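[1] What shape does this take:
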Amino acid sequence: MLAQQAVNSGDTAWVLVCTGLVLFMTPGLAAFYGGMVRTRNVLAMLQQNMIALGVVSLTWVLVGYTIAFGDDAGSGLLGNFELFGLSNLGVPPAPHLHVVAGQVTVPTLAFVAYQMMFAVITPALVTGATAGRLKFLGWVVFLAVWSIVVYAPIAHWLWHPDGWLARFGTQDWAGGMVVHASAGAAVLAVLLVVGRRRGWPHTAAPPNSIPLTILGAGILWFGWFGFNGGDGLQANGVAAQAVINTHLAAAAGMLVWLVAERAKDGHSTVVGGVSGAVAGLATITPAAGYVNTLSAIAIGAIAGIVCHTALRLKYLLRLDDALDVLAVHFVGGMLGSLLVGFFGNSGTNPLGKDGLFFGGGGSLLWHQIVGVVVVVAFSFVLSWLIAAAVQAVLGLRAPADTQDDLDHAQQGADAYHLGGVAALNGTGAPERRRRTGGDRPAPRPAGTNPPGQPAPPARLVTATVDPARLPTTRELREALLGAGATSIVVFDATVSTAEPAARALPRGYWQDQDLLDRARIEVVVRQGAVPAVLDVLDGYGADRSDSFVQDVQRATDVR
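    Now for the predicted structure:
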C-alpha cells in the first residue's frame, strides 16, 4: 500500500469521534427495532443486534480487515492475508482510499476501528426483517461467517483503491452498496430460509413501545453524521458537506413520507416520520460526499416517496419482512447508489465524477448500475448458502412454538414488569435452584375470622366501560360514593366484541381487534342503592346487558 504522511491530529480526532458515533448506531438500531416487536420478543431483538458488537468486532480484527483492506491479492477481489489479526501492520499500511484527496493522515488503527463499526452494523440490519424467527446460536454463526465471506470482499471491491469495482469507476461514499444493498440482499436470502411468522400476513404484531422506536431513530440520525461524515478520513469541507447532506436528506425524506402517508392512510404518524428520515439517510449514504446541498434534498425527497411506495414490496414477493428492511434499507441503498449517476458533482468533491444532470453523460450511471447488480447478486447467493447451511447444521429458524415468546424461550426473562402482581417482590437467592418437595413452603395455618355484628344486605355491581369515557379518578369515586357505594375496585379488562374494531399499526398496516381494552368496575353497595349506582355507570357508557348484580357476603360475616 501507499505510504502515509505524518499523522494529522485534527483528522485523527474527527475519525475517532465518527467511530464512536457509528458504534452508537448499533444500540440505536436495537432500540429502533426493539420498540416495534411484540412485548415478549423485545429482549431477543435487542440481543440479536447487540451481539454483533461482540462477534463482528472479533472477526473484523482477525480476518475481515485484511480481506477488505489488505494489499490486493492481484485480482481486485480480495486483500491478501498479511494483516491477519492486525499483525505486521508496518509503517503504516492504511490505504490511499479513492475518496480521500492526498495521502491518509490518520493512524492505521483509527481507520481499522472506524471501518469495524460499519462491519458491525451491516448484518444487524437483517434482524428487523426476521423479527420473531431467529434461533440465537444459528444467528451468531451466520453473523460471523457473513461478515467474513460476504461483507469483507464487497468492502474490498468498492473501498480499496485496487478493488475491481473501484477501478471500474463505481462510487459508494459510505455504504449504499457495501452496507445497505448487501444487507438487503441478505434479507431476501435469509427470509427464504427462515420463512414467515405464523399467521402472516393476517395476524398483526402491534409494537410494544413506539417511544423506544423513536428514541432509536434519533440515535440513528445522530450517529449517521459519523457514518457519512468520516468516510473522507479528513476534517475538511467535504466532511462538512457530507454532514449537511445527511441531515437535509433525512429531513426531506421525513416530510415527503408524512405527506404520502397522509394521502394514503389519512394520518401522518410519528413512526412514519422517522421511517421517512431513515429512508432518506440510507439513500443519501452512497452520495453524501459526492453531491451538492440541493441534490441531497432532492435525493431525500425521492427516497421518501419511493421507499414509502416500496412498503408493498413484501406483499408482492410474499416475504414476511417484519419491520420493512427491504423498503427502507434495501430499496434506499440501491436507489441512492443509482442516483449518484444522476446527481454526482465533481465541484463538490474533486475525487467524484459528474453525473447525468451535471454534464457527465451516462458513464457514471452505468458504473453504478453494474455495481448494484453485482453486489446484490453476490450477497444474495452467498447469504442464501450460508443461511441454508446454518439451518441444516444448527438451525437458524426458531421453533414455531417459541416464536411468540422468544424472551422466555431464549433468555428465561421478561422485558417488562408492569403489572401490579408481576412487580411484587418475591423470595430469591444468588443462584436459582430447582424446587424439590422439601423446598415447598408449609401451608399457612387455617384460621377463623373474629365474630362481628351482622352487616346489612349488600350487592356487588359489576360493569365494563370504555376507559376513554371515564372522568378523573376523583370524579368517578365521588359519583359512586354519592350513589351509595361502600367499596370500589377498578381494573383493566379485555372483552370480546361482536363488531371488531380496526386498529392502525405503523407504516400503513392495520388489524381487526376482536378483543377490546375496557375498564372493569366492581362496586359493593347496600341493596337499596343499586339503582343509583347503575345510573352512574350508565352515564359512563356501561351497557346494562353486560352488567351484573350479585348478592355478596362480607368476609367479616363469615363464622
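[2] Which strand or helix spans Thr497?
    Element membership for Thr497, per DSSP states H and E: strand 485-504.
[3] right, and the helix or strand after that strand?
    Read in the C-terminal direction, the helix or strand following strand 485-504 is strand 510-526, with elements assigned using DSSP H and E.
[4] Please identify the buried residues of that next one?
    For strand 510-526, burial by neighbour count (16 or more other CB atoms under 10 Å) applies to Gln511, Leu516, Arg518, Ala519, Ile521, Glu522, Val523, Val524, Val525. Where C-beta positions appear, they are placed from N, C-alpha and C, glycine not excepted.
[5] quick check, nearest of those to Ile299?
    Comparing those against Ile299 with CB to CB places Gln511 closest, at 34.0 Å.
[6] Might you list the low-confidence residue ranges for this structure?
    Of all residues in the chain, those with pLDDT under 70 make up the ranges 1-5, 90-103, 204, 419-429, 431-455, 501-504, 510-511, 556-559.
[7] need the longest helix for it.
    Taking residue count as the measure and DSSP state H as the definition, the longest helix of the chain comes out as helix 363-393.
[8] Now do that helix: which elements does it pack against?
    In terms of contacts (3 or more CB pairs under 8 Å, 6 or more residues apart in numbering; DSSP states H and E), helix 363-393 is packed against helix 136-146, helix 152-159, helix 164-168, helix 182-194, helix 331-343.
[9] How about the contacts made by Arg544?
    With CB atoms under 8 Å, 6 or more residues apart in numbering as the criterion, the residues that contact Arg544 are Leu534, Asp538.
[10] any idea how far it lies from Leu255?
    Taking CB to CB, to the nearest Å as the measure, Arg544 falls 50 Å from Leu255.
[11] circling back to that earlier point, tell me what angle the longest helix of the chain forms with helix 136-146.
    With axes from the mean of the first three to the mean of the last three CA atoms, to 10 degrees defining the directions, helix 363-393 sits at 140 degrees from helix 136-146.
[12] Can you tell me what sits against the very next helix or strand once past helix 363-393?
    Past helix 363-393, heading to the C-terminal end, the next element that is a helix or strand (DSSP H and E) is helix 406. Helix 406 is touched from outside by Arg40, Asn41, Leu43, Ala44, Gly132, Ala398, with contacts defined as CB under 8 Å, 6+ apart.
[13] again, but for stretch 66-79
    Identification of contacts with stretch 66-79 by CB under 8 Å, 6+ apart yields 1, 80-84, 93-95, 111, 115, 119, 148, 151-153, 155-157, 159-160, 162-167.
[14] circling back: tell me the buried residues in the longest helix of the chain?
    Buried residues in helix 363-393, defined by neighbour count with 16+ other CB under 10 Å: 364-365, 367-369, 371-372, 374-376, 378-380, 382-384, 386-387, 390-391.
[15] got it, and stretch 269-287?
    Residues of stretch 269-287 classed as buried: 269, 271-287 (neighbour count, 16+ other CB under 10 Å).
[16] Find the residue closest to Trp14 in space, skipping its chain neighbours.
    For Trp14, the nearest residue in space outside its immediate sequence neighbours is Ala235; the separation is 3.8 Å by CB to CB, 6 or more residues apart in numbering.
[17] That neighbour reaches Leu16, doesn't it?
    No - applying CB atoms under 8 Å, one finds Ala235 not in contact with Leu16, separated by 10.9 Å.
[18] So which of those two has more stuff around it?
    Ranked by neighbour count (other CB atoms under 10 Å), Ala235 and Leu16 place Ala235 first, with 22 against 18.
[19] From Val61, how far off is that one?
    According to CB to CB, Ala235 and Val61 sit 26 Å apart.
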